[in-house]
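K.L.:
need a 3D model of the sequence below.
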Amino acid sequence: MEKFIINGGKQLHGEVEISGAKNAAVAVIPATILAGDICRIENIPDIRDVQVMLKILSDMGAVIHRINKNTLEIDTRYISSYVIPYEMTKYSRSSYYLLGALLGRYNHAKVAMPGGCNFGGVRPIDFHLKGFAKLGAEITNDNGMINAQADHLTGGVIYFDKVSVGATVNIMLAAVKADGLTIIENAAKEPHIVDLANFLNLMGANVRGAGTDVIRIKGVSSLHGCSYSIIPDQIEAGTYMVAAAAVKGDILIKNVIPKHLESITAKLRECGVSVIEYDDSIRVTSNSRCGQCKVTAMPHPGFPTDMQPQMTTFLATCSGTSIVTDGVWDNRFRYVDQLISMGASIQIEGKAAIITGVPKLHGAPIRADDLRAGAAMLIAGMCAEGTTVIENIYHIERGYERVTEKLTALGADIKKVDVCEDDNSKSVSDAG
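P.N.:
Down below sits the predicted model:
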């Protein structure tokens, strides 16, 4: 079993390079299916969720050539199957994007319900399926396999009662080759929605309005291969920003789009953290105990729900009382029990966390309950006094490239270890 062992109390100093955006990559990779051609994708993060998606495409018949660690050529000309069983989807929530991509190419998709993060509540794909139905697809559930098929897809007006990133992506994928005009109202506006639209347009699609409430897609008869570079990861950048604030460090975070980070920047500054923006980098400096603030996680351009656990961890050691509210997902405060075991004073009331700052946390055995909660545990371990051991680190590695290498270069004392257990003893060996 692999774990992270962190000796806390070390300040972070130096520079860190942000990888390509996970949430963009896991949408762009399935989108290559629509081209039926060769696509060259650069700045792809080398993380587990991407590896899972590439394995699925490879098993479907795609030919994947790795140019270097972060550049791939994906040839989808020889994909012939529209059926994706649970054995292929169970490790990644984003595998549901294969529904839209396969439906868009073949007018038929049969994909098992996906795995990925579980926040303790239901994460339905009803909006996705209703959108497919608006395009003319017939939807059935065959023993956990979502079966969507149509004689042909036809554009229509699709309104989401609630903003959904996943549904917006899936309808974009299905609609780019549908007959006529598709209008998505109350669409998600996240940076990776814009990135996907840019990629689709480079393949020959006609997508307008990405990044606004209304996306208009005029169907085209065919798409083609292209070369494209994924945007920097907004959430990875935000995680390092909050880490610098939590440990009272000074970090230059490179390869970012500062505009994507504005909501995070605003809250850090409100707490007393120094944030300086440059063209494609951002410097975060903190040298004293910071103050409280109120945070409400909401769809872009609001504060990202994927940054809520990291921000809550930072606020746990700030002075005063802070309130963090998250209405995007149910039960996304499950990780708080881990922080409490480290000495945090946090009370959950419905969808809000009331945080009374403590001077310091102390090391403890904890676990990563999901991807972003895992990032929060890393921050907690680095700013805690003593040693912290984090289990279930596969969640963290789903979304953060070379995390131990990057943190170590900044001055953190963190090791990834392989803990081998037998009936009578445990041994720990350094695994990098």
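K.L.:
what ranges do the strands span in the stretch 201-350 of the chain?
P.N.:
With strands called from DSSP state E, counting those that start in this stretch, the stretch 201-350 of the chain shows them at 206-208, 214-218, 227-229, 250-254, 274-277, 281-285, 294-297, 321-326, 345-349.
K.L.:
so for the fifth one, what gets flagged as buried?
P.N.:
Under the neighbour-count criterion of 16 or more other Cβ atoms under 10 Å, strand 274-277 has residue 275 buried. From N, CA and C alone the C-beta is placed, and that goes for glycine too.
K.L.:
same question for the first one.
P.N.:
Residues residue 207 are the ones in strand 206-208 that count as buried (16+ other Cβ under 10 Å).
K.L.:
what about that strand, average pLDDT?
P.N.:
Strand 206-208 comes out with an average pLDDT of 98.
K.L.:
contact partners of it?
P.N.:
172, 176, 197, 200-201, 215-220 (Cβ atoms under 8 Å, 6 or more residues apart in numbering).
K.L.:
swap in 7 Å and give it another go.
P.N.:
172, 176, 197, 200-201, 215-218, 220 (Cβ atoms under 7 Å, 6 or more residues apart in numbering).
K.L.:
who does it pair up with?
P.N.:
strand 214-218 (antiparallel) (DSSP bridges).
K.L.:
and which of the contacts of strand 206-208 is nearest residue 336?
P.N.:
residue 172 (34.8 Å; Cβ to Cβ).
K.L.:
and of the strands of the stretch 201-350 of the chain, who's closest to residue 361?
P.N.:
Nearest to residue 361, of the strands of the stretch 201-350 of the chain and by Cβ to Cβ, is strand 345-349 at 10.4 Å.
K.L.:
re earlier: can you select the buried ones from the contacts of strand 206-208 in PyMOL?
P.N.:
Selecting only the buried entries of those in PyMOL, with 16+ other Cβ under 10 Å as the criterion:
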select buried, resi 172+176+197+200+201+215+216+217+218
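K.L.:
report the two of the contacts of strand 206-208 separated the most.
P.N.:
The widest separation within the contacts of strand 206-208 (Cβ to Cβ) is 15.2 Å, between 215 and 220.
K.L.:
what about the helices in the chain?
P.N.:
All helices of the chain, identified by DSSP state H, fall at 22-35, 48-60, 86-89, 97-106, 126-134, 165-175, 191-202, 234-246, 262-270, 308-315, 336-341, 371-383, 394-397, 403-409.
K.L.:
the first one vs helix 191-202, what angle?
P.N.:
Yep, that's helix 22-35 we're talking about. Relative orientation of helix 22-35 versus helix 191-202 (axes from the mean of the first three to the mean of the last three Cα atoms, to 10 degrees): 20 degrees.
K.L.:
what sits up against helix 22-35?
P.N.:
39, 41, 44-45, 47, 49-50, 53-54, 57, 74, 76, 79, 94, 97-98, 101-102, 104-105, 169, 173, 176-177, 192, 195-196, 199-200, 203, 223-225, 228, 230-231, 233, 399.
K.L.:
buried set for it?
P.N.:
Those would be 22-35, for helix 22-35 by 16+ other Cβ under 10 Å.
K.L.:
any regions of the stretch 101-250 of the chain where pLDDT drops low?
P.N.:
For the stretch 101-250 of the chain, residues meeting the criterion pLDDT under 70 lie at 115-124.
K.L.:
what's the pLDDT at residue 425?
P.N.:
Reported pLDDT for residue 425: 36.
K.L.:
residue contacts, residue 317?
P.N.:
246, 357-358, 360-361, 383.
K.L.:
which of these count as buried?
P.N.:
246, 357-358, 361, 383.
K.L.:
can you give me the end-to-end distance of stretch 92-108?
P.N.:
One end of stretch 92-108 to the other measures 21 Å (Cα to Cα, to the nearest Å).
K.L.:
go on, stretch 298-309?
P.N.:
13 Å.
K.L.:
same question for stretch 5-19.
P.N.:
Note: stretch 5-19 ends 23 Å apart using Cα to Cα.
K.L.:
then stretch 314-325?
P.N.:
15 Å.
K.L.:
ditto for stretch 245-264
P.N.:
End to end - Cα to Cα - stretch 245-264 spans 12 Å.
K.L.:
what distance separates it from the centre of its chain?
P.N.:
Centre-to-centre, stretch 245-264 and its host chain are 17 Å apart (Cα atoms, centre = their mean, to the nearest Å).
K.L.:
next: stretch 403-420.
P.N.:
21 Å.
K.L.:
out of the buried ones among the contacts of residue 317, which one sits closest to residue 332?
P.N.:
Closest approach to residue 332 among these (Cβ to Cβ): residue 246, at 19.2 Å.
K.L.:
my read is that that closest one contacts residue 383, right?
P.N.:
Yes - using Cβ atoms under 7 Å, residue 246 makes contact with residue 383 at a distance of 4.5 Å.
K.L.:
need the contact list for the nearest residue to residue 310 once chain neighbours are set aside.
P.N.:
Counting by Cβ to Cβ, 6 or more residues apart in numbering, residue 310 lies nearest to residue 242, which is 4.5 Å off, once chain neighbours are set aside. By Cβ under 7 Å, 6+ apart, the contact set of residue 242 is 310-311, 314, 379.
K.L.:
what about 8 Å?
P.N.:
So residue 242 contacts 264, 268, 307, 310-311, 313-314, 379 (Cβ under 8 Å, 6+ apart).
K.L.:
next: residue 323.
P.N.:
294-295, 352-355.
K.L.:
pull the CA atoms of stretch 211-227 into CSV?
P.N.:
Output in CSV follows, covering the C-alpha atoms of stretch 211-227 (Å, rounded to 0.1, in the frame of the first residue of the first chain):
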residue,chain,number,x,y,z
GLY,A,211,-17.4,30.7,-21.6
THR,A,212,-20.9,32.4,-21.6
ASP,A,213,-24.3,31.2,-20.4
VAL,A,214,-25.4,30.2,-24.0
ILE,A,215,-23.4,28.0,-26.3
ARG,A,216,-24.5,27.7,-30.0
ILE,A,217,-23.3,24.7,-32.0
LYS,A,218,-24.0,24.5,-35.8
GLY,A,219,-23.5,20.9,-36.8
VAL,A,220,-20.9,19.9,-39.4
SER,A,221,-20.7,16.8,-41.6
SER,A,222,-17.2,15.8,-40.7
LEU,A,223,-14.2,16.7,-38.5
HIS,A,224,-10.5,16.2,-39.0
GLY,A,225,-7.3,15.9,-37.0
CYS,A,226,-5.3,18.8,-35.6
SER,A,227,-2.6,19.8,-33.2
